[in-house]
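A.B. asks: Below is the sequence, then the predicted model.
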Amino acid sequence: MSITDQYGMINKGKAQEAGYEILDGDAWLSMDVDVLIPAALEGQIRADNVEKISPKLKILAEAANGPTMTEADEVIKKRGYFLIPDFLCNSGGVTCSYFEGVQNDANFYWSEEEVENKLDDKMTIAFNSVYQMAEDRKVYMRDAAYMVAIQRVVTAMRMRGWV
């Protein structure tokens, strides 16, 4: 709190005085970490900075929408990092929004524990479906996620008699 202003912005001068190190904006990419989580901004991992990612990285969990550009994605795929693609990794919020709509439509509300359990069930099933597709078809997790999504749309269309 001592290094921020009233809006939560960090005062770099105060941060340095307090002994904090000021790093470049892309410094987080090159940290030797097991899990890297690009969040909040799209297009964070690009062709011009993807090489900064530590070879020690094990998991790339895309918490932002579209944080990885196509050219950088090819490098990530070649390096063999385990990827949790954005539309799987950050879909918990959208799923909870759906739960809110269901509850509002029914005028029946679940406890926080019920919501968390339902969310855990949905997210676990979604992850396992994508992971299983990746393993079965020997494809990249992003490709597997698209394959599962398309497969579900086709199944829904068939069930409705549209195809």
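C.D. replies: That came through, no problem. Just so it is clear, the structure is predicted and the values come from calculations on it, not from any experiment. Numbers count the residues shown, from 1 in each chain.
A.B. asks: the helices in this protein, which residues?
C.D. replies: Taking DSSP state H to define them, one finds helices in the chain at 12-17, 70-79, 86-89, 92-106, 112-137, 141-159.
A.B. asks: Could you say which of the ones you listed is packed most deeply?
C.D. replies: helix 86-89 (a mean of 21; mean count of other CB atoms under 10 Å). Glycine gets a C-beta too; all of them are placed from N, C-alpha and C.
A.B. asks: What's the mean pLDDT across it?
C.D. replies: Rounded to a whole number, the mean pLDDT of helix 86-89 is 94.
A.B. asks: Same check on stretch 149-163?
C.D. replies: Taken as a whole, stretch 149-163 carries a mean pLDDT of 96.
A.B. asks: Tell me the gap between it and the middle of its chain.
C.D. replies: How far stretch 149-163 lies from its chain's middle: 26 Å, per CA atoms, centre = their mean, to the nearest Å.
A.B. asks: cool, and stretch 107-126?
C.D. replies: Centroid separation for stretch 107-126 versus its chain: 19 Å, with CA atoms, centre = their mean.
A.B. asks: do stretch 85-92 as well
C.D. replies: In terms of CA atoms, centre = their mean, the centre of stretch 85-92 is found 4 Å from the chain centre.
A.B. asks: Can you give me the end-to-end span of stretch 88-96?
C.D. replies: Terminal residues of stretch 88-96 lie 14 Å apart, using CA to CA, to the nearest Å.
A.B. asks: before we move on, back to that, turn the helices of the chain into JSON lines, columns for distance to K52.
C.D. replies: Compiled in JSON lines, the helices of the chain are given as follows (distance: least, CB to CB, whole Å):
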{"stretch": "helix 12-17", "distance to K52": "22"}
{"stretch": "helix 70-79", "distance to K52": "10"}
{"stretch": "helix 86-89", "distance to K52": "20"}
{"stretch": "helix 92-106", "distance to K52": "28"}
{"stretch": "helix 112-137", "distance to K52": "26"}
{"stretch": "helix 141-159", "distance to K52": "20"}
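A.B. asks: Could you verify my assumption that M157 touches Q151?
C.D. replies: No - with contact defined as CB atoms under 8 Å, M157 and Q151 do not form a contacting pair (10.9 Å).
A.B. asks: Isn't I84 up against T68?
C.D. replies: No - under the criterion of CB under 8 Å, I84 lies out of contact with T68, with a separation of 11.4 Å.
A.B. asks: shared neighbours of those two, which are they?
C.D. replies: Common neighbours of I84 and T68 are listed as L60, E62 (criterion: CB atoms under 8 Å, 6 or more residues apart in numbering).
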